[in-house]
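>>> based on what follows, work out the 3D shape:
(chains A and B)
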Amino acid sequence: KAGVTQTPRYLIKTRGQQVTLSCSPISGHRSVSWYQQTPGQGLQFLFEYFSETQRNKGNFPGRFSGRQFSNSRSEMNVSTLELGDSALYLCASSLLGGEQFFGPGTRLTVL
Amino acid sequence: AQTVTQSQPEMSVQEAETVTLSCTYDTSESDYYLFWYKQPPSRQMILVIRQEAYKQQNATENRFSVNFQKAAKSFSLKISDSQLGDAAMYFCAYRSANTGNQFYFGTGTSLTVIP
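Just a heads-up that it's a prediction; the model follows:
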């Protein structure tokens, strides 16, 4: 079975721009979660989608949004980028109630 | 909200020795799951071990074992016979059994294995 894939792997943007990151879960997994990882902060939960519905949301501003498609693929969008948004964004998929399987992440750098 | 605390930002161990990574958590729930994840320098996060709170027996996976103390809300990871490939960031994580699939992670412990 193919693992969780994330595209792109690396991204450089400037302040004020917007960005869309993509995540394809493991086949059969309908739950997709997104995390922001920064040094010293660990993994901060962004949101979780299940069957195209956002079930949980972390404490992030409205500039961070996401969606899930009928094939369980998910995208997250960050608008009006700030320098502090530079981070590794991780996507994880799971069966309901199971452990999360992580993708390799997208490294976003905001200049 | 649940919190997970890893009080050791960095640890080191001699190859072939044993090391224990600490994790404590705060919750008012009785039914939950705990996990240890490993993130090697390549960045792909992988599951090391999982513990169900309702199980008193500590989970074991080869050289990895946990010491789960539910009353103390403690969940430490023991790595025996440490190998160079064990060098990584280790994250402790909590998931409620009742409130969806949201995971709470600690800030991680960076483990160095000294040859």
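
>>> ok, now which ones touch the spatially most central residue of chain A?
Chain A has residue A:34 as the residue nearest its centroid, 3.5 Å off, counting by CA atoms, centre = their mean. Residue A:34 is in contact with A:23, A:45-48, A:66, A:74, A:76, A:89-92, counting by CB atoms under 8 Å, 6 or more residues apart in numbering or on different chains. Any C-beta I mention is one placed from the backbone N, CA and C, and that applies to glycine too.

>>> swap the cut-off to 10 Å and go again
A:6, A:21, A:23, A:44-49, A:58, A:60, A:64, A:66, A:74-76, A:89-92 (CB atoms under 10 Å, 6 or more residues apart in numbering or on different chains).

>>> now, those residues that are in strands?
Applying DSSP state E to the contacts of residue A:34, the entries found in strands are A:6, A:21, A:23, A:44-49, A:64, A:66, A:74-76, A:89-92.

>>> quick check on those: which are buried?
Buried residues within those, counting neighbours by 16 or more other CB atoms under 10 Å in any protein chain shown: A:6, A:21, A:23, A:45-49, A:64, A:66, A:74-76, A:89-92.

>>> what about stretch B:35-47 and chain A, touching?
Yes. Applying CB under 10 Å from any CB of the partner chain, one finds stretch B:35-47 in contact with chain A at B:35, B:37, B:39, B:42-47.

>>> give the buried residues for that stretch.
Within stretch B:35-47, the residues that count as buried by 16+ other CB under 10 Å are B:35-39, B:43-45, B:47.

>>> of all pairs in those residues, which one is the farthest apart?
Greatest spatial distance among the buried residues of stretch B:35-47 (CB to CB): B:35 and B:43, at 17.8 Å.

>>> among the ones in strands among the contacts of residue A:34, which are in reach of chain B?
A:44-45, A:47-49, A:90, A:92.

>>> farthest-apart pair in those residues, please.
A:44 and A:49 (16.7 Å).

>>> right, and residue A:98 touches residue A:31 too?
Yes. If you go by CB atoms under 10 Å, residue A:98 and residue A:31 touch, sitting 8.3 Å apart.

>>> quickly list what's touching both of these two.
By CB under 10 Å, 6+ apart, the residues touching both residue A:98 and residue A:31 are residue B:101.

>>> so, low pLDDT: which residues of chain A?
A:1 (pLDDT under 70).
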